[in-house]
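Novice: Build the 3D model from these lines:
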Amino acid sequence: MYFKLAASNIKKSYKDYTIYFLTLILAVCIFYSFNSIDSQKALFDMKSSNANYISKLAETMSIFSIFVSVILGSLILYANNFLIKKRKKELGIYMTLGMGKRKISRILVTETSIVGAISLIAGLILGMGTSQVLSAFTLKLFDVAMEEYRFTVSISAIGKTILCFGIMFLLVMIFNVFIISKYKIIDLLAADKKNENIKFKNPFIYLASFVLSVVSLTCVYKFILKIGIDTWNPMFRPSLVISVVGTLLFFFSLSGVILYIVNNNKNVYFKGLNIFVVKQISRKVNTNFISMSVICLMLFITILVLSTGISLKKDFEAGLEKITPFDASLILYADDETQNVEDIFNKIDFKISENEKYEIHNEYGADVKLNELFTSEDEVLEGWGAGLVKISDYNKMLKLKGEKEISLNKDEVLILSNYNKLIKPINQKLNNGNKVNIKGKEYVVKNHKAIEGNLDTDRISDNYCTIVINDEFLSDCKVFESVLNVMYCDESREENNKKYEEIDKNSWIGGKYESLNLPHINASSKDGIYSEEKGSTTSILFLAIYLAIVFLITSMAVLALQQLSEASDSIERYRALRRIGANKKMINKTIFIQTLIHFSLPVILALIHSIVGVIVVNNEISTYSQIDIRFSTLITALIFVVVYVGYFYITYTGYKNIVKNSI
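Specialist: Numbers count the residues shown, from 1 in each chain. Purely as a prediction, here's the structure:
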């Protein structure tokens with residue numbers, strides 16, 4: 001009997017369950033898709049060649065999913081609360097007919113079980129399709145041929161999804177039983193007669209709060225744009241706190257400001273049903289300003305991550321070519337007991353194999369400051385120095401790479417840099433004049449723009465500024481570092497890569513070389529850097545996209561549920577509109593305007609936050625590599641529009657149906 005009654009209730013109220021079903025299905029789909037990342041056969045094949053990053057990604061995704069499940073669980077409880085609130089009168093009628101609270105609880109538990117089962121099945125089916133797209137996307141990120149792709153289903157991901165959402169639905173059942181036990185018949189039967197007691201404060205409090213929010217957010221924008229992501233700045237964290245407080249103040253004061261502005265414009269206030277619309281919007285914003293602030297911040301994170309993530313990864317990895325000009329490099333940092341490079345190699349039992357071509361060069365420290373070099377007081381150049389390299393050593397590097405050698409006259413030098421923050425000002429100085437000052441002597445810069453690229457293979461753009469000069473100038477200078485650069489002659493890459501990885505591991509504290517009293521040694525291989533960077537950037541991107549999509553769906557679902565809850569609470573108002581002569585078209589127009597404004601308010605402020613955030617991230621990353629966010633922005637807009645329009649349309653339609661069936 002309970003199953004039949006529960007199924008009948010769901011069938012009868014399927015329109016009310018639309019948002020609930022949609023949210024549950026999308027939540028299950030996303031949860032399964034991201035947790036099934038290790039099921040693709042091609043991904044298993046990649047593990048050996050990509051340093052087990054896929055298995056690590058899968059493990060991280062499982063741990064991260066605990067946090068995601070908390071967010072989704074809260075959303076499901078929120079949505080369930082909306083359904084219970086909407087059905088108070090129905091539950092009151094059950095009690096009036098003599099049905100006890102325990103039996104009502106059993107009906108609700110049965111309904112939750114049916115809804116959960118349907119959502120799980122539908123979500124898993126959709127997730128199995130979505131996971132294939134995600135697998136193909138992963139293959140693309142790891143540069144694996146699509147021929148390796150196979151359709152697979154992850155049994156472990158299905159198990160995780162069923163377990164996670166089973167716990168969520170169990171909590172919903174417990175919540176429903178607890179709520180029913182607290183209700184009284186009179187409260188349930190009179191639920192649709194009660195209205196929230198909304199108290200509007202003095203309009204000047206709202207105006208003052210609004211002005212304060214705008215001023216505080218503007219100041220934070222200017223400050224963040226100036227300092228960027230400088231976490232060492234003592235005002236960085238307080239500025240983030242101020243931005244959150246400013247967002248809260250904005251939505252807290254918005255309802256009062258809207259009322260104040262519209263009240264003072266009688267032509268707008270008394271036109272059509274604007275009085276009703278303004279009161280409805282102000283009422284909802286006033287009671288939900290905290291949730292709207294949280295939604296705004298979640299949407300900000302979503303837009304920022306999606307609009308920069310993919311392009312950031314793509315352009316960052318493209319920049320790897322600049323920092324890895326050789327197949328491997330071994331850097332020896334000189335100390336007070338500078339030793340011969342060959343002696344150090346003998347101590348660590350290092351030998352160049354027959355399938356490797358190599359050259360050694362030294363970089364010298366001569367205390368050359370960039371402001372003195374270019375005789376400039378430019379703040380961007382302040383505090384930066386330049387290293388020096390012999391032209392003979394530089395030509396050896398060019399020859400090793402298969403490039404043409406360069407000759408210099410006695411008064412000529414070359415300027416090198418691959419640090420984006422310095423390339424632009426250096427190029428500006430060279431464009432204005434090609435002469436530089438080194439230790440009181442004037443030299444002519446042979447190149448008109450900074451020559452970009454590393455002089456060794458390393459994980460970062462460490463060539464801030466290097467001066468290539470004739471050998472005689474450096475005869476009395478102290479060696480700062482010695483670099484062995486290597487190019488492989490055949491396909492024995494993996495064996496050679498392991499050799500340099502082993503050297504790097506043994507050179508750190510606790511390594512084999514610690515007791516040998518050697519200068520620090522840093523060894524890197526191009527393949528190792530590519531694999532490491534691709535693995536880490538892909539992992540970060542996956543986690544960011546996972547969280548962003550969950551935030552987007554959660555935000556839209558909460559906005560939708562708030563509006564549908566508003567529809568249930570406002571039935572008496574719509575009945576009053578009907579009695580004074582408002583027709584169906586006019587009422588639908590008010591519903592459309594309310595829903596559009598309610599969905600748009602947090603999105604608009606989130607977009608403003610995001611513009612500032614994207615500029616800051618772009619400026620920060622441009623220090624190392626230029627990124628092009630056009631592709632990411634297009635994808636973000638597409639995802640955002642699809643989810644936004646979908647939830648908006650369902651909400652608008654549901655709102656209309658609730659009003660239509662009640663007046």
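
Novice: Show me where the protein has its strands.
Specialist: 328-333, 356-369, 385-390, 412-416, 435-438, 441-445, 466-469, 478-488, 521-525 (DSSP state E).

Novice: JSON lines for these, including mean pLDDT?
Specialist: Output for these, formatted as JSON lines (pLDDT from 0 to 100):
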{"stretch": "strand 328-333", "mean pLDDT": "88"}
{"stretch": "strand 356-369", "mean pLDDT": "86"}
{"stretch": "strand 385-390", "mean pLDDT": "90"}
{"stretch": "strand 412-416", "mean pLDDT": "92"}
{"stretch": "strand 435-438", "mean pLDDT": "88"}
{"stretch": "strand 441-445", "mean pLDDT": "90"}
{"stretch": "strand 466-469", "mean pLDDT": "92"}
{"stretch": "strand 478-488", "mean pLDDT": "88"}
{"stretch": "strand 521-525", "mean pLDDT": "87"}
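
Novice: can you tell me which of these comes nearest to I93?
Specialist: Nearest to I93 among those is strand 521-525 (73.6 Å), distances taken as CB to CB. The C-beta positions use only the backbone N, C-alpha and C, and glycine is treated the same way.

Novice: Buried residues, the closest one. List them.
Specialist: Buried residues in strand 521-525, defined by neighbour count with 16 or more other CB atoms under 10 Å: 521-525.

Novice: So which other helices or strands are in contact with that strand?
Specialist: strand 328-333, helix 493-507 (3 or more CB pairs under 8 Å, 6 or more residues apart in numbering; DSSP states H and E).

Novice: weakest of the ones you listed by average pLDDT?
Specialist: Mean pLDDT per stretch puts helix 493-507 lowest among the helices and strands packed on strand 521-525, at a mean of 83.

Novice: of all the helices and strands packed on strand 521-525, which lies closest to T23?
Specialist: Closest of the helices and strands packed on strand 521-525 to T23 is helix 493-507, at 46.9 Å (criterion: CB to CB).

Novice: Just send the buried residues of strand 521-525 back as a markdown table, with distance to E90 too.
Specialist: Listed next are these as a markdown table, based on distance: CB to CB, whole Å:
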| residue | distance to E90 |
| --- | --- |
| I521 | 75 |
| N522 | 71 |
| A523 | 72 |
| S524 | 68 |
| S525 | 69 |
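
Novice: Out of those residues, which is nearest to V368?
Specialist: V368 has its nearest neighbour among the buried residues of strand 521-525 in N522, at 23.1 Å by CB to CB.

Novice: partners of the closest one in the sheet?
Specialist: I331 (DSSP bridges).

Novice: where's it relative to T554, distance?
Specialist: Distance check for N522 against T554: by CB to CB, to the nearest Å, it reads 44 Å.

Novice: Hmm, D458 is touching S329, no?
Specialist: Yes: with contact defined as CB atoms under 8 Å, D458 counts as touching S329 (6.6 Å).

Novice: Common neighbours of those two, please.
Specialist: S524 (CB atoms under 8 Å, 6 or more residues apart in numbering).

Novice: Looking at the two now, which is surrounded by more residues?
Specialist: Between D458 and S329, counting by other CB atoms under 10 Å, S329 is the more crowded of the two (24 against 19).

Novice: Might one say that the more buried one is in contact with M487?
Specialist: No: S329 is beyond contact range of M487, at 10.5 Å (criterion: CB under 8 Å).

Novice: re earlier: which one of the buried residues of strand 521-525 sits closest to Y655?
Specialist: Using CB to CB, S524 comes nearest to Y655 of those, at 59.6 Å.

Novice: dump the residue contacts of I540.
Specialist: Listed by CB under 8 Å, 6+ apart, the contact partners of I540 are K313.

Novice: and what of I593?
Specialist: Counted by CB under 8 Å, 6+ apart, I593 has contacts V277.

Novice: Kindly state the pLDDT recorded for it?
Specialist: 87.

Novice: Could you do V28 as well?
Specialist: Note on V28: pLDDT of 90.

Novice: Contact partners for the nearest residue to it once chain neighbours are set aside?
Specialist: The shortest distance from V28 to any non-neighbouring residue, by CB to CB, 6 or more residues apart in numbering, is to G123 (2.5 Å). Neighbouring residues of G123 by CB under 8 Å, 6+ apart: 24-29, 31-32, 161.

Novice: Return the closest of those residues with respect to K85.
Specialist: Nearest to K85 out of these is L24 (CB to CB; 17.9 Å).

Novice: these two touch, right, the closest one and S119?
Specialist: Yes: with contact defined as CB under 8 Å, L24 and S119 form a contacting pair (3.7 Å).

Novice: on that earlier part again, nearest approach to L97 belongs to which of the strands of the chain?
Specialist: Nearest to L97 among the strands of the chain is strand 521-525 (77.0 Å), distances taken as CB to CB.

Novice: if we look at that closest one, which residues are touching it?
Specialist: Under the contact criterion CB under 8 Å, 6+ apart, strand 521-525 has outside partners 324, 327-333, 344, 348, 457-459, 496-497, 500-501, 503-504, 507, 513.

Novice: how is this structure carved up into domains?
Specialist: Following automatic domain parsing, one finds the domains of the chain at 1-194, 327-527.

Novice: Any idea which of those has the lowest pLDDT on average?
Specialist: The weakest mean pLDDT among those belongs to domain 1-194, with a mean of 75.

Novice: can you dump the C-alpha coordinates of stretch 107-116 into PDB?
Specialist: What follows is stretch 107-116, C-alpha atoms only, in PDB (Å, rounded to 0.1, in the frame of the first residue of the first chain):
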ATOM      1  CA  ILE A 107       5.300   7.100   2.800                       C
ATOM      2  CA  LEU A 108       8.000   9.800   2.600                       C
ATOM      3  CA  VAL A 109      10.700   7.200   3.100                       C
ATOM      4  CA  THR A 110       9.200   5.100   0.300                       C
ATOM      5  CA  GLU A 111       9.000   8.200  -2.000                       C
ATOM      6  CA  THR A 112      12.600   9.100  -1.300                       C
ATOM      7  CA  SER A 113      13.700   5.500  -2.100                       C
ATOM      8  CA  ILE A 114      11.800   5.600  -5.400                       C
ATOM      9  CA  VAL A 115      13.100   9.000  -6.400                       C
ATOM     10  CA  GLY A 116      16.600   8.000  -5.300                       C
END
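
Novice: now that stretch, how far from the centre of its chain.
Specialist: Distance of stretch 107-116 from the chain centroid (CA atoms, centre = their mean, to the nearest Å) equals 36 Å.

Novice: Also stretch 232-250?
Specialist: Chain-centre distance of stretch 232-250: 19 Å, with CA atoms, centre = their mean.

Novice: just stretch 58-77 next, same as before
Specialist: How far stretch 58-77 lies from its chain's middle: 16 Å, per CA atoms, centre = their mean.

Novice: List the buried residues for it?
Specialist: Buried residues in stretch 58-77, counted by 16+ other CB under 10 Å: 58, 61-62, 64-65, 68-69, 71-73, 75-76.

Novice: How about stretch 342-360?
Specialist: 344-345, 348, 350, 356, 358-360.

Novice: need those residues in JSON lines with distance to N409, can you?
Specialist: Output for the buried residues of stretch 342-360, formatted as JSON lines (distance: CB to CB, whole Å):
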{"residue": "I344", "distance to N409": "35"}
{"residue": "F345", "distance to N409": "35"}
{"residue": "I348", "distance to N409": "40"}
{"residue": "F350", "distance to N409": "38"}
{"residue": "E356", "distance to N409": "34"}
{"residue": "Y358", "distance to N409": "29"}
{"residue": "E359", "distance to N409": "24"}
{"residue": "I360", "distance to N409": "26"}
